[in-house]
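Undergrad: from the sequence below, what's the structure:
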Amino acid sequence: MSLQRKHEITRLEAFSDAVFAFALTLLVVSLEAPRSYHELMTLAQGFLPFAFSFALLVWIWYEHSAFFSRYDLHDPLTITFNAALLFVVLFYVYPLKYMSNAMFHALLPELRVVQPANATEVARLFVLYGAGYVSVFSILAGLYYRAWRKRRDLALTPVEAFDAHAYAGKHALSAMVGLLSIGWALLAPGGWSGFAGLVYFLMAPVHTVYGSWCGRQRRLRYERPRPAHHA
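TA: Here you go, the predicted structure:
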């Protein structure tokens, strides 16, 4: 999609990066240096859940950074969206950490995670996780929609305006997958609520189809057809 525009790092971006760095720190701040071989092995087994949580936070940071690299927006509504995103990221660090540990508990029993006691607690866990997921990507969708609405003020080209709208749709689809997972957790009977986590695997096919459709629309609207070569 559209190329990133060169710009200087603003105080808003610097502050946001500091918050993301603090959120990443919270993932490991409760860990103590191992004092025995057994503690070291237990710590090592926490690598997979930590890597999963780390990757998700870095993904959110990248999407946030990409937006402000493309659009020089600092109006009050954009700042409000940004503050809401940072609030959600900080609040959900520990739920994300617990969810990651619980997810890998079957493979790594030495993590000693107290699993949800029943189907109701499993459902509530997925609702809590999904609420954070939906919030993050709804805010990102809102930011890109804001950029599209301000396309004239930002002097966006028609292609860049199309890309902003397409990115808004992309993040809205991510939020919809999270809503579907929440719905499954709330409505699935008994032990089926745990399958709410599998709903997130829909992200790959949904975004593949949407990305292909956006690519075709972009080419049809904005790429000039090549002149025919006459013999």
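
Undergrad: in the protein, which spans are helices?
TA: Along the chain, the stretches classed as helices by DSSP state H are 11-28, 37-45, 47-70, 76-91, 93-103, 119-149, 158-187, 203-222.

Undergrad: turn those helices into a markdown table, columns for mean neighbour count and mean pLDDT.
TA: Every C-beta, even on glycine, is put in place using the N, C-alpha and C of the backbone. Listed next are these as a markdown table, based on neighbours: other Cβ atoms under 10 Å; pLDDT from 0 to 100:
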| stretch | mean neighbour count | mean pLDDT |
| --- | --- | --- |
| helix 11-28 | 15 | 86 |
| helix 37-45 | 12 | 73 |
| helix 47-70 | 17 | 91 |
| helix 76-91 | 16 | 94 |
| helix 93-103 | 19 | 84 |
| helix 119-149 | 20 | 93 |
| helix 158-187 | 19 | 95 |
| helix 203-222 | 12 | 93 |
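
Undergrad: and the gap between the most centrally placed residue in the chain and residue 153?
TA: By Cα atoms, centre = their mean, the chain has its centre lying nearest to residue 60, at 4.4 Å. Distance, residue 60 to residue 153, by Cβ to Cβ, to the nearest Å: 26 Å.

Undergrad: likewise residue 168?
TA: Distance of residue 168 to residue 153, computed by Cβ to Cβ: 17 Å.

Undergrad: can you give the domain ranges for this protein?
TA: The chain resolves into domains spanning 7-115, 117-223 when parsed by automatic domain parsing.

Undergrad: how near is residue 44 to residue 70?
TA: Residue 44 is 40 Å from residue 70, by Cβ to Cβ.

Undergrad: re the thing from before, can you put the helices of the chain in CSV and add distance to residue 195?
TA: CSV is the format used below for the helices of the chain (distance: least, Cβ to Cβ, whole Å):
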stretch, distance to residue 195
helix 11-28, 26
helix 37-45, 25
helix 47-70, 18
helix 76-91, 25
helix 93-103, 13
helix 119-149, 9
helix 158-187, 7
helix 203-222, 16
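
Undergrad: can you tell which of the ones you listed is closest to residue 113?
TA: Each of those has some distance to residue 113 by Cβ to Cβ; the shortest is helix 93-103, at 4.5 Å.

Undergrad: tell me what the closest one is packed against?
TA: Judged by 3 or more Cβ pairs under 8 Å, 6 or more residues apart in numbering; DSSP states H and E, helix 93-103 is in contact with helix 11-28, helix 47-70, helix 119-149.

Undergrad: so which of these is nearest residue 88?
TA: helix 119-149 (4.7 Å).

Undergrad: quick one: the closest one to chain centroid distance?
TA: The chain centre lies 9 Å from the centre of helix 119-149; the measure is Cα atoms, centre = their mean, to the nearest Å.

Undergrad: next one: stretch 147-166
TA: Distance of stretch 147-166 from the chain centroid (Cα atoms, centre = their mean) equals 22 Å.

Undergrad: isn't residue 93 up against residue 23?
TA: Yes - counting by Cβ atoms under 8 Å, residue 23 is a contact partner of residue 93 at 5.1 Å.
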